[in-house]
Structure formats: C-alpha cells, structure tokens
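> Kindly return the folded structure for what I paste below:
(2 chains)
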Amino acid sequence: MALIEVTHLNKAYGKVKALQDVSFDVHESEVFGVVGPDGAGKSTLFNILTTLLLPDSGNATVLHHDVRTDYLEIRKHIGYLPGTFSLYPDLSVEENLVFFATMYQSDIEKNMPLILPIWQQLLPFKKRPAGKLSGGMKQKLALCCALIHKPTLLFLDEPTTGVDPVSRKEFWEILRSIKQQGITVVVSTPYMDEATLCDRIALLQNGQFIKMDTPQAIISDFRGTLVSLRTPDIFRLHKLLSNAPFRCTYYPYGEHMHIILEQPLEELLPQLKQFLDQHQIQFSHIQQITPSVEDCFIEIVKNSHAQNH
Amino acid sequence: MKLPFRKTEAIESPYSIEVKELTKCFGSFTAVDHISFQVKKGEIFGFLGANGAGKTTTIRMLCSLLMPTSGQATIAGYDLATQHKMIKRNIGYMSQKFSLYDDLTVFENMQMFGTIYNIPRKELKERIASSLEMLNLQDQAKTLVYSIPLGWKQKLAFATAILHRPKIVFLDEPTSGVDPIVRREFWDLIYAAASKGVTIFVTTHYMDEAEYCGRISIMSNGQLKLIGTPSELKERMGVDSIEQVFVKFVER
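So this is what the prediction gives:
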C-alpha cells in the first residue's frame, strides 16, 4: 500500500511553474529519491508533502491523509530534515534533541536505539551550541532530531549538498540503516551518483518528472550506444566533435569523453578513429560502456531539447 | 622591507600564487596549518578537501579578506601582508554563496561590478556585450537576476568575476547543485578563461571535475598533504579515479 499518493500536482510562484502535473506513489519501506538540480522543484515538492505549503491544484495524500485538510495528523508521523539548517543554534546539542522530543511528546529513552549509532558520534559535543558544530555534525544532529519521535516516514531535503564525498558515503550508510528499521525515506539530491543508492528515483527537471523508475530500469532504457574514450585533450576534443562526420551527443566525463552514437560502435569505430587521428587527438580505452544515471539524465534532457526544437 | 613608494609594484615570477607556511588560528583551533604551494600562471588548480578541512579559510586569506596568523603569500605578484589593494584589483572571486543582486537585472549587475573596478564606461559596455554573447544571454540583459535558473546565475557570476580581467579567479564550489549539462558548460567557460592566461583556483565536491584540473591538491585537517596532476596522484595511490584517491586519503 502506498504511503504517499500524488496526482497531477501543480504549484506556481507567479509566472514560475515550480511543479507541473507531478504524479507518483511512494511505497512502504522504500528509499525514494527525487534527483534533480537546484531550482528543479525539489524543495517545493517536499514543502507540500510535509504540509508547509499548499498546492495550486492536484491531490496529495501522505499516510492516507490529505495534505490540505489533515495536516495536523500528518505532522505527527513524519520526520523532516529541511534543506537549510533549522535547529536552534544557541541551544546545545543535547537541548535541541530534548526540545524536539518534547515537542513530539516522545520518549527519548525508548527511541534511543533508533538514533544511537549517530548519537554516539555527537556525544563528545553534547554541551556545545548547535550553531558551533561542523557542517557534517550539524546534519547528524538534525537527523537525530527528525528521528527522535520514530516517524513512519522521513523526508530529507538535500541532506548531502555541499558535503564531501567521504561524508556523503557515510550519510548514505546511515540512511540504509534507517530503512532497515522499517522507516520509509523520501530523499532529494542533486548528485546523480547517489541515485543508484535509492530503490526508486524520479528525475526532476523544470518542475516535471522526466523519468521515474528503479535506477536499473532507467539505465537499461538508455537509448543509443554509449562510448567512452580516455584522452588528455578533453576540452579540445569537445570543441572538435561538433564537426564530427557522424551524428552524436558528447560531453566530458572526468578524464573520459562520453559519446552517444545512434549506431553500434563497430559500425562507426573506423570513422571515429580516423577523425581522432586526423585532429591529432591522443586517446586510449575506447569502448562501449554501461551508462550511469548521470549519462541517462543528460541523454533524456538532450533528447527532449532536440524534440522541442 | 617594503618602501611606501613601491606599494603598487609587483614582483616578477612565473607563479601567480606563492604560499609559504600560511597559517590561520581561530582561538585555540588551527584552521590552516602551515601550508605551502605554488600555482603557475594560467594553470587550473583544483583545491579539494573534506568539509571543515580549511579550504574556504585559505581562499579568504588568499583573497585578502582574512588576515593570516602567520606565514607569507604572494598573489599575482603582490605581497599579501602589505599590498591588499593591489591584490583585490587583480583577482576575481566567486564565493560559495550566490553574491549577485537578485533585484538588479543581468546587465545592471555586470555594470555595477564593472563600475566598482573602475572600468571606463564605454569599454565596460563593450565587455558586457561580449560577455553576454559568450553566455548566450543577450536576450536576458533586462531580466531580473532572481528569475533566471541557477545554472545561468552561476555562469553570470563567473562572467562578472572576470569582467575586470583579473590575473587570478577564485571559485569556491561554483557548480554545487548545478545540473550535469550546465556543470559541463561552466567548465567550458573555465577552460576558455584559462586559455586566455587567467589562473583558475577552484574548489569542488564533484570528483569528475577534479579530473579537469591541471593540478589538484587535497587538504585535510588544515594541512595540505597531497599535490600533483590528477594522473600522478592516481598512480601514486594506485587507484584509477580521483574519487578513490580522495576516499583513500581522507579515510586514512
């Protein structure tokens, strides 16, 4: 049974359409990822689902309650980690936790096992004002405060934006353990590589879901042949490819150039190699590869541009 | 010792940034701990590190926005201790937080920053026109900045930061949260600026972007321990991506 049901949701701020006809369900004990860049509409969606903002049209139920009318009931059973730090900076770490537990009339002792692995890392700073914690520690405290009433459903709005790769990895390990405790998680992120850690994802761009599925299904839906080649001349090659003698989409990907071809690689390989030699581009490791979610995002967006123009 | 009449004079050097034993303490906490490095003219230098490693503190010192506790640095040939004004005239800075004016138009923002840097009016008009053409924003010149998408804002902030043709531009997480396509367009702009001789000093949490840099350094606990080209570092650590170098290094 779906814990969140959203149908034809719309929200505009003046002329800006923040959400356009968004529909989806979130099922029990899944990690549902909303993946998209800043300004795509992620926070607007989260604010509606957490009953902080009213939609213009469409329906949304959270835990079988309508977000418009039953918001008090919804608020009791959800946890929310907003995109901006929203704890009390002048209360200590411990005081913040007690404050949130009291607000939700929940028992810290009883729910401690749920947050214990994270709370232990915070214990050395128990007396420190929350505003004086490092970025990573602030996030961990905010997570404890969002979990202390043992919510059925947890909303995390960009918990890892601006966070370094090691801390991001650590945060996702925590999320996995939360899921194992039976809590359903809805999380947003601008990092495409985190998408594969979700059970299902929705790719959000300009207020619309451009794709929604399991990461594996999105990857297997990739249209075209994705070719990767390694070159020290990434940006020179990037300029040259606009004059390639075959149709392709291309973009740098770390030290590789990714090229999406419409034909199988074997058919175009001689032509491609000739093109590279002709322009004296050094290269190695030229091969067809499995796309990442980032490749899929780029392919979908570029394709929809091509169809619109 | 520097004499007063030499306040505006720069020293000649192949390096646009030279840092020696730079240190910053906040009370008993050492945020930046005796770091030393050099960046060549026209180089794209990636400055990586975990959160709280001291990256932003370092950048703020190099931009002469924060006084070091000890150590020396020469920025664009000017001494950090005595030639603040000259440093500020010769660098561009794009901070982590979006710092254009939301309630001014695209054109007005560029005009304002250009005026602050004393670019003559006619010259400024021409530079803005060519910047907008490069960004493909000609039609948006009269649009208020708050209503344009984040990716465009970041590109606009970059173009504004290099409008006065600085020798060095400092970019603090310029692509954080930006979509994958615009992120790549942003790096095209960085390359175009670098090919004209501008030194780029950039921080990022996207490890694929670290691969686009000429050299990178990784900072941890206020110290700068690893520095080299992306391929050197991968070879040294015996891994095949910068992401793995980073994880291996920071977890140690």
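
> and residue 45, helix, strand or coil?
The chain I'm using is chain A. Under DSSP: H, G, I helix; E, B strand; the rest coil, the three-state class of A:Leu45 is helix.

> Can you look at chain B instead?
Assigned with three-state DSSP, B:Phe45 falls in the strand class.

> Next, find the distance separating it from A:Arg200.
40 Å (Cβ to Cβ, to the nearest Å). C-beta: built from backbone N, CA, C; applies to glycine.

> Who has more neighbours out of these two?
Under the neighbour definition other Cβ atoms under 10 Å in any protein chain shown, B:Phe45 and A:Arg200 were set side by side, and B:Phe45 has more, 24 against 19.

> That one and B:Ala210 touch, don't they?
No. Assessed by Cβ atoms under 8 Å, B:Phe45 is found out of contact with B:Ala210, at 10.9 Å.

> got any residues that touch both of the two?
Counting by Cβ atoms under 8 Å, 6 or more residues apart in numbering or on different chains, the residues touching both B:Phe45 and B:Ala210 are B:Ile216.

> and the closest residue to chain B within the stretch 1-150 of chain A, what does it touch?
Ranked by Cβ to the nearest Cβ, the top residue of the stretch 1-150 of chain A for proximity to chain B is A:Pro37, at 3.3 Å. Shown in contact with A:Pro37 (Cβ under 8 Å, 6+ apart): A:Pro190, A:Gln205, B:Leu150, B:Gly151, B:Gly177, B:Val178, B:Asp179, B:Pro180, B:Val182.

> For those, give me CSV that also has neighbour count and distance to A:Ile219.
Below are these laid out as CSV (neighbours: other Cβ atoms under 10 Å in any protein chain shown; distance: Cβ to Cβ, whole Å):
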residue, neighbour count, distance to A:Ile219
A:Pro190, 25, 19
A:Gln205, 20, 18
B:Leu150, 18, 26
B:Gly151, 20, 24
B:Gly177, 22, 23
B:Val178, 25, 23
B:Asp179, 25, 19
B:Pro180, 22, 15
B:Val182, 17, 22
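
> Next step: the residues you listed restricted to strands.
Judged by DSSP state E, the contacts of A:Pro37 include A:Gln205 as members of strands.

> now, which of the contacts of A:Pro37 lie within helices?
Members of the contacts of A:Pro37 lying in helices (criterion: DSSP state H): B:Leu150, B:Gly151, B:Pro180, B:Val182.

> now these in CSV, with pLDDT and distance to B:Tyr117?
Formatted as CSV, those follow (pLDDT from 0 to 100; distance: Cβ to Cβ, whole Å):
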residue, pLDDT, distance to B:Tyr117
B:Leu150, 82, 25
B:Gly151, 84, 25
B:Pro180, 89, 33
B:Val182, 89, 26
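
> Can you report phi and psi for B:Leu233?
B:Leu233 has phi and psi values of phi -70, psi -40 when expressed as degrees, to the nearest 10.

> can you tell me which residues contact it?
So B:Leu233 contacts B:Ile216, B:Ile218, B:Leu226, B:Ile242, B:Val245 (Cβ under 8 Å, 6+ apart).

> Tell me who's in contact with the third one.
The contact partners of B:Leu226, taken as Cβ under 8 Å, 6+ apart, are B:Ser217, B:Ile218, B:Leu233, B:Val245, B:Phe249.

> That one should be in a helix, yeah?
No. Going by three-state DSSP, the assignment for B:Leu226 is strand, not a helix.

> coming back round to it: which ones among the contacts of B:Leu226 lie within helices?
Counted as lying in helices by DSSP H, out of these, are B:Leu233, B:Val245, B:Phe249.

> which among the residues you listed gets closest to chain A?
B:Phe249 (9.0 Å).

> Is it correct that the closest one is in contact with B:Gln223?
No. Between B:Phe249 and B:Gln223 there is no contact under Cβ under 8 Å: 11.5 Å.

> ok, the two, which is more surrounded?
The neighbour comparison of B:Phe249 against B:Gln223 (other Cβ under 10 Å) goes to B:Phe249, with 19 against 16.

> now B:Phe158: how far from B:Lys41?
From B:Phe158 across to B:Lys41, the span is 19 Å (Cβ to Cβ).

> Have a look at these two and say which one is more surrounded.
B:Phe158 (21 against 16).

> So the more buried one: helix, strand or coil?
helix.

> Just list what the host helix or strand of B:Met110 packs against, helices and strands only.
If you go by DSSP states H and E, B:Met110 is part of helix B:106-116. Applying 3 or more Cβ pairs under 8 Å, 6 or more residues apart in numbering or on different chains; DSSP states H and E, one finds that helix B:106-116 makes contact with helix B:121-135, helix B:150-161.

> tell me the most buried of these?
Mean neighbour count (mean count of other Cβ atoms under 10 Å in any protein chain shown) peaks for helix B:150-161 among those, with a mean of 22.

> Next one: the residue nearest in space to the middle of chain B from B:Leu66, what distance?
Most central in chain B under Cα atoms, centre = their mean is B:Phe170, positioned 1.3 Å from the mean C-alpha point. Distance, B:Phe170 to B:Leu66, by Cβ to Cβ: 13 Å.

> Repeat that for A:Phe46.
As defined by Cβ to Cβ, A:Phe46 lies at a distance of 35 Å from B:Leu66.

> These two: who's more crowded?
When A:Phe46 and B:Leu66 are compared for neighbours, A:Phe46 comes out ahead with 23 against 16, by other Cβ under 10 Å.

> Let me see the ranges of the strands in chain A.
A:2-13, A:16-27, A:31-35, A:57-62, A:65-66, A:78-81, A:153-157, A:184-189, A:200-205, A:208-213, A:225-230, A:248-253, A:256-261, A:284-288.

> what do you get for chain B?
B:15-26, B:29-40, B:44-49, B:70-75, B:78-79, B:91-94, B:168-172, B:199-203, B:215-220, B:223-228.

> hmm, the first one touching chain A?
Read it as strand B:15-26. No. Contact of strand B:15-26 with chain A (Cβ under 8 Å from any Cβ of the partner chain) is absent, the minimum separation being 11.1 Å.

> do the second one as well
No. Remark: strand B:29-40 sits outside contact range of chain A, by Cβ under 8 Å from any Cβ, the gap being at least 10.7 Å.

> Quick check: residues of the stretch 51-200 of chain B near chain A?
Checking the stretch 51-200 of chain B against chain A by Cβ under 8 Å from any Cβ, the hits are B:51-53, B:96, B:147, B:149-151, B:173, B:176-182, B:184, B:187-188, B:191.

> any chance of the helices and strands packed on helix B:106-116 in CSV, plus distance to A:Leu261?
As requested, the helices and strands packed on helix B:106-116 are exported to CSV (distance: least, Cβ to Cβ, whole Å):
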stretch, distance to A:Leu261
helix B:121-135, 30
helix B:150-161, 27
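
> Mean pLDDT lowest where, among the ones you listed?
When the helices and strands packed on helix B:106-116 are compared by mean pLDDT, helix B:150-161 comes last with a mean of 92.

> What sits closest to B:Phe45 if chain neighbours are left out?
Excluding the flanking residues, the one nearest B:Phe45 by Cβ to Cβ, 6 or more residues apart in numbering or on different chains is B:Val39, at 4.6 Å.

> Sounds good, over and out.
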